[in-house]
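Asker: Based on what follows, work out the 3D shape:
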Amino acid sequence: MSVAAKENPFLGTHTDLFKNKYVQSILLSALILQSGIWIRNMAVLLYIADRTNGSPLAVSLVAAAEYGPIFLFSFIGGTFADRWRPKKTMVWSDMLSGISVLSVLAALAFGIWQAIFLALVMSSTLSQFSQPSGMKLLKKHVREEALETAISVYQAVFALFMAAGPVLGTLAYSKFGINGAILFTAGAFFLSAAVLALIPENHERKVEKEGLLRDMKLGFQYIWGSRGLKLLGTGFALSGLAMGLIQPMNIFLVTEKLGLSETSLQWLLMVNGIGMLTGGALMMVFGKKWPTVQILAAGMLASAAGLSVIGFSSVLWLTLAAEFVIGFFLPAIQISIQTLIMKNTDEGFIGRVNGFLTPLFTGSMTIAISAAGQLKRLFSLTLLFEAAALLFFIGLLLTIPLHKWLSIQKE
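Answerer: Take a look at the predicted model:
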């Protein structure tokens with residue numbers, strides 16, 4: 001348990017968790033940032049689509065600018081998060097992100113709309129330094145028994161915007177245009193920086209660090225030397241592959257399996273989103289009543305079953321029910337893995353471990369999405385959904401050695 005948590009008795013109790021200044025600031029910052037990020041992402045996507053007449057290349061470049069830095073800089077950002085003071089890292093990352101977004105307005109004034117791509121890359125890159133720092137603060141200033149609740153609430157913010165973000169971003173762009181959306185995004189970054197600046201100062205004794213490359217090497221060695229972290233990383237990757245495989249298939253599920261129009265896809269997405277919000281909320285309230293690894297196993301099993309049902313179903317109500325189940329248990333998987341990572345990682349390696357393992361979900365999902373179109377040409381829709389179910393089932397099997405490893409760690 002961290003020194004800070006020992007010194008402050010209210011940091012760990014669930015009733016008073018939200019009195020924790022660190023939790024308050026990190027959650028409020030996440031809420032503000034997610035609103036700005038989703039408005040930015042949707043506004044840029046719609047603006048580029050309008051500007052280029054829907055060019056597939058230009059639209060794909062938007063995705064590359066958003067997700068590319070996650071793969072390229074996440075581990076580097078995590079390494080710096082372990083070297084630098086978390087508060088300053090987060091504040092400066094948000095400040096520089098706000099400045100980079102504002103610079104787009106000047107570029108647009110001169111007709112250089114392509115500068116949007118550069119601003120996206122810079123902002124996404126800076127986020128790779130900020131996010132691991134937030135995890136490090138939670139690890140240091142929240143008692144272990146309350147850590148799962150804190151992470152559940154943190155992840156619920158992301159789940160909320162996965163459901164509401166596209167709508168919010170589309171409305172902002174349609175009402176205020178690209179300039180208004182950019183101003184709002186910049187304001188969100190600056191406001192987040194102001195919120196994080198209110199975090200209590202943590203006067204840590206400065207510890208001498210090795211060189212950057214040496215720290216990165218030690219991070220890889222730490223991860224590779226932990227059987228549990230390798231199993232958790234594999235679980236993240238399998239979940240990402242499964243979700244990425246089916247995401248582009250949902251439109252074909254609606255038209256081919258259910259025989260409905262393409263516009264009916266919104267109902268599947270809405271039900272899935274409601275499931276995510278419900279599951280995330282219940283994880284916050286009841287997550288501590290069961291062992292984390294059992295929740296992870298239940299999430300993997302339910303997701304495998306739900307995808308298997310969807311693969312064979314041609315009945316709307318059954319498909320919607322399965323979509324709700326998948327959405328309901330996805331937060332259980334993500335929160336459980338993130339909680340286990342946090343609980344079983346030394347504080348000095350939190351940044352590097354999060355910087356390496358967390359992007360495995362996004363990275364594997366992106367790879368699967370890229371391959372899904374070609375796979376659809378080669379295999380039936382049913383087979384693809386059953387393959388995704390199999391990936392979750394393999395993830396379920398991984399919880400067996402994970403449970404054994406956790407039991408050994410407690411001895």
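
Asker: Give me the most central residue, the chain.
Answerer: The chain has residue 158 as the residue nearest its centroid, 6.8 Å off, counting by Cα atoms, centre = their mean.

Asker: Run a quick neighbour tally on residue 117.
Answerer: Counted with other Cβ atoms under 10 Å, residues neighbouring residue 117 total 18. In this view, the C-beta of every residue, glycine as well, is placed from N, C-alpha and C.

Asker: right, and it touches residue 62 too?
Answerer: Yes: using Cβ atoms under 8 Å, residue 117 makes contact with residue 62 at a distance of 7.5 Å.

Asker: residue boundaries of the helices in the stretch 201-350 of the chain?
Answerer: 212-224, 227-246, 250-252, 265-286, 292-312, 316-343, 350-357 (DSSP state H, counting those that start in this stretch).

Asker: pLDDT weak spots in the stretch 51-200 of the chain?
Answerer: 54, 56, 60 (pLDDT under 70).

Asker: okay, now the residue lying closest to residue 95 once chain neighbours are set aside: neighbour count?
Answerer: Spatial nearest neighbour of residue 95, excluding adjacent residues (Cβ to Cβ, 6 or more residues apart in numbering): residue 193 at 4.8 Å. Neighbour count for residue 193, taken as other Cβ under 10 Å: 22.

Asker: what sits against residue 339?
Answerer: In this structure, residue 339 makes contact with 147-148, 151, 292, judged by Cβ atoms under 8 Å, 6 or more residues apart in numbering.

Asker: Where do the domain boundaries of this protein fall?
Answerer: 7-197, 222-410 (automatic domain parsing).

Asker: Save the ones you listed as TSV, and put in distance to residue 213 too.
Answerer: As requested, the domains of the chain are arranged in TSV below (distance: least, Cβ to Cβ, whole Å):
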stretch	distance to residue 213
domain 7-197	9
domain 222-410	13
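
Asker: just the helices of the stretch 201-350 of the chain: most buried one?
Answerer: Most buried of these, by mean neighbour count (mean count of other Cβ atoms under 10 Å): helix 350-357, with a mean of 26.

Asker: Residue 381 reaches residue 254, doesn't it?
Answerer: No: under the criterion of Cβ under 8 Å, residue 381 makes no contact with residue 254, lying 10.8 Å away.

Asker: the longest helix in this structure is where?
Answerer: helix 144-197 (DSSP state H).

Asker: That helix to helix 292-312, inter-axis angle?
Answerer: 80 degrees (axes from the mean of the first three to the mean of the last three Cα atoms, to 10 degrees).

Asker: In terms of secondary structure, what does helix 144-197 contact?
Answerer: With contacts defined as 3 or more Cβ pairs under 8 Å, 6 or more residues apart in numbering; DSSP states H and E, the packing partners of helix 144-197 are helix 21-51, helix 86-109, helix 115-141, helix 265-286, helix 316-343.

Asker: of those, which approaches residue 227 most closely?
Answerer: helix 316-343 (12.4 Å; Cβ to Cβ).

Asker: Give me the distance from the closest one to the chain's centre.
Answerer: 13 Å (Cα atoms, centre = their mean, to the nearest Å).

Asker: ok, now stretch 26-40?
Answerer: Relative to its parent chain, stretch 26-40 has a centroid offset of 13 Å by Cα atoms, centre = their mean.

Asker: Run through who's touching it.
Answerer: The contact list for stretch 26-40, computed with Cβ under 8 Å, 6+ apart, reads 90, 94, 101, 120, 123, 134, 137-138, 153-154, 157-158, 160-161, 164-166, 168-169, 172-173, 181-182, 184-189, 191-192, 195-196, 199.

Asker: Could you rerun that using 7 Å?
Answerer: 101, 134, 137-138, 153-154, 157-158, 161, 165, 168-169, 172, 181, 184-185, 188-189, 191-192, 195-196 (Cβ atoms under 7 Å, 6 or more residues apart in numbering).

Asker: With stretch 176-183 instead?
Answerer: So stretch 176-183 is contacted by 39-40, 43, 47, 101, 104-105, 108, 172-173 (Cβ under 7 Å, 6+ apart).

Asker: Now distance to residue 406 too, for the helices and strands packed on helix 144-197, in CSV please.
Answerer: Output for these, formatted as CSV (distance: least, Cβ to Cβ, whole Å):
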stretch, distance to residue 406
helix 21-51, 25
helix 86-109, 27
helix 115-141, 18
helix 265-286, 19
helix 316-343, 8
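
Asker: These: which one's closest to residue 77?
Answerer: Relative to residue 77, the nearest member of the helices and strands packed on helix 144-197 by Cβ to Cβ is helix 115-141, separated by 3.4 Å.
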